[in-house]
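Enquirer: whatever this is, show me its structure:
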Amino acid sequence: MKPFMLDDTLPYCVLHGWQGWPGDLSGDLDIVIAPQHLSALESSFQGQREGRLLQLLQHEASGFYFVLACQD
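Expert: Okay, the predicted model is just below:
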């Protein structure tokens, strides 16, 4: 499976799920990103050639859940 790549210009911290990333991401990947970079992260996911952004859900007050699908 080809992974989604995060934009190298966006500062982020991977909390867990990183062990196989980016080569093998079979589950979820939790990251923290500053609120002002959220729209840039969404744009980065929308610009992926390896898959597409299916859905963006707000989770609690300050959390967001991106649902991504890979071609493979």
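
Enquirer: make it CA atoms for all contacts and neighbour counts henceforth
Expert: OK.

Enquirer: residue 38 belongs to a helix?
Expert: Yes - under DSSP: H, G, I helix; E, B strand; the rest coil, residue 38 falls within a helix.

Enquirer: can you pull the pLDDT of it?
Expert: Note for residue 38: predicted pLDDT of 84.

Enquirer: equivalent analysis for residue 19, please.
Expert: 73.

Enquirer: and what of residue 68?
Expert: We note a pLDDT of 80 for residue 68 in this prediction.

Enquirer: what's the neighbour count on the spatially closest residue to it that is not a sequence neighbour?
Expert: Nearest non-adjacent residue to residue 68, counting by Cα to Cα, 6 or more residues apart in numbering: residue 53, 4.6 Å away. By the criterion of other Cα atoms under 10 Å, residue 53 has 18 neighbours.

Enquirer: repeat for residue 66
Expert: Other residues close to residue 66 by other Cα under 10 Å number 16.

Enquirer: thanks again, I'm all set now.
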